[in-house]
Structure formats: C-alpha cells, structure tokens
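Asker: Give me a 3D structure for the following:
(one chain, ligands or ions: 1)
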Amino acid sequence: MAFQPNPKQLALAKAGVFVLALLPFARMAWLTVTGQLVEPLAFITHGTGDWTLYFLCITLAVTPLRRLSRWNWLLKLRRMLGLFAFFYACLHFTTFIWFDHFFDLAEIWKDVRKRPFITVGFAAFVLLIPLAATSTNAMVRRLGGKRWQALHRLVYLIAPLGVLHYWWMKAAKNNIGKPLLFAVIVALLLAVRLYWNRAKVQAARA
Ligand code: HEM
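Answerer: Residues are numbered from 1 along each chain as shown. Have a look, this model is predicted:
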C-alpha cells in the first residue's frame, strides 16, 4: 500500500518544501547584504540561473516519481515547485536587466537579439510567464482541464531551452560538463514520459 499522508502531514510537507525552496534565496541575500561576496553580480546571476534549472528539473521529476512510487500526493507539491522555478527565473532576469543593463531597454533588447544564449534564455523565461499566470485553481477552471494541460506542456520546451541556454553559455568557455549532465537529466525526464504515453496509446489500441 502506497504511503498516503493525512491533511495535516500534507500541509507540513508543503510548508517544509516552501521553506527549503527559499533557502537558496535566503543564502544569496544574506551573503550579498553582509558583503561576503567578491563578485556579487556573477554569484547572483549564476545562483539564480542554477536554481531556475534545478526547479524545472524537480518539477519535471514529480510525475515519474509519483508513478514509480504511487505517491499520488506528490502532485500536490508540483504547482509550488513550478512556481519556484518561475520565482528564481524572475530573480535571474531581474539581475540581468537591473545590474547588467540598469533598465536600459534598448541595451537589453540588443543583448537579447545579439547573444544567442541570451535569446534562448529569454524565450524560456517568456514561455514560463503564461504557466505561472495560469497556475491558480480559478485559471484551471476557466481554461478547462484539457486546454490547461496542453498549455502546461510548454514546460517540455522550456526545460530544453533552459539547458540549451546553459550549454551555449558554457560552450563559449569550453566547459560543458555540467550542462551535459542537465541535458541528460532533462532528456531522461522527457523520454520516460514519451515511453509511458506510447505504452498508453498501444494499450488503448489493444
Ligand atoms: C528558464 C529560463 C532560464 C534558465 C533555466 C537559466 C539558467 C541559467 C544557468 C543555469 C546559468 C549558468 C549558471 C552557472 O554558471 O552556474 C545562466 C547564466 C546566465 N543567464 Fe540564464 N537562465 C534563464 C533565463 C535567462 C534570461 C531570461 C536571461 C536574460 C535575458 C538570462 C541571462 C543569463 C546570463 C547573463 C547568465 C550569465 C552568463 C555569464 O556569466 O557569462 N538567463 N542561466
């Protein structure tokens, strides 16, 4: 029998995930305001970029984990995890437009168009916006389950774009070890879905 938490345990799990997910932000904020960083801009840009990608992967891992463990309640954490990916993406983007470009829109747009790795990161960020905007129960009802699900499949594009952004940036520095690891993780997380989907279609046909 799969583990099924009672409402109190579930609320506790949600609170725990919320606090844990905020820890990287708290650490970055603490190190910055206490002046412990040699290069705060680079540290925050990299930290927020890393955590955006981690949360995208964690969010994508919920469904396979749920299926393998039969812990259906994990789905109740997925929305929060996805919103944390958006939260860190917003911080990442804010760092870029604020500290890299001081809100100079013309410069920002020039950079987005000129540097392919920024173009790709920007595309991933823009695609995340409708997902965050439709994450409420009211929006699920308004769109209808099927349309909402179709829209949220955009995450299957966003995660590879995030990896490509990372890869491109590191390839310029001849250092693709970590991006390669994330490419494999995202590919596996997407491949397992494809496999299950095909199995479902074949079972329905049979
Ligand atoms: C879903 C969206 C995004 C993801 C997953 C993401 C992820 C990342 C990651 C993992 C890094 C490298 C961190 C490291 O070196 O440890 C990074 C760096 C960076 N990202 Fe993003 N990013 C996203 C969107 C954006 C956007 C929208 C912009 C700006 C328009 C942007 C600009 C940058 C810049 C300037 C760097 C640092 C480049 C350098 O140090 O040379 N990213 N990002």
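Asker: Next secondary structure after the helix or strand harbouring residue 19?
Answerer: Using DSSP states H and E, residue 19 sits within helix 7-33. Downstream of helix 7-33, the next assigned helix or strand under DSSP H and E is helix 40-69.
Asker: Buried ones in stretch 18-36, by neighbour count?
Answerer: For stretch 18-36, burial by neighbour count (16 or more other CB atoms under 10 Å) applies to 21, 24-25, 28. C-beta: built from backbone N, CA, C; applies to glycine.
Asker: What parts of the chain come near the ligand?
Answerer: 45-46, 49-50, 52-53, 89, 92-93, 96, 112, 118, 121-122, 124-125, 128, 158, 162, 165-166, 169 (CB under 6 Å from any ligand atom).
Asker: Can you say which of the residues you listed are buried?
Answerer: Neighbour-count burial (16+ other CB under 10 Å) applied to the residues of the chain next to the ligand gives 45, 49-50, 52-53, 89, 92-93, 96, 118, 121-122, 124-125, 128, 158, 162, 165-166, 169.
Asker: circling back to that earlier point, if you compare the directions of the helix holding residue 19 and helix 40-69, what angle comes out?
Answerer: On the basis of axes from the mean of the first three to the mean of the last three CA atoms, to 10 degrees, helix 7-33 is oriented at 160 degrees to helix 40-69.
Asker: related to what we said a few turns ago, adding pLDDT, write the buried residues of stretch 18-36 out as JSON lines.
Answerer: What follows is the buried residues of stretch 18-36, written out as JSON lines (pLDDT from 0 to 100):
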{"residue": "21", "pLDDT": "98"}
{"residue": "24", "pLDDT": "98"}
{"residue": "25", "pLDDT": "98"}
{"residue": "28", "pLDDT": "98"}
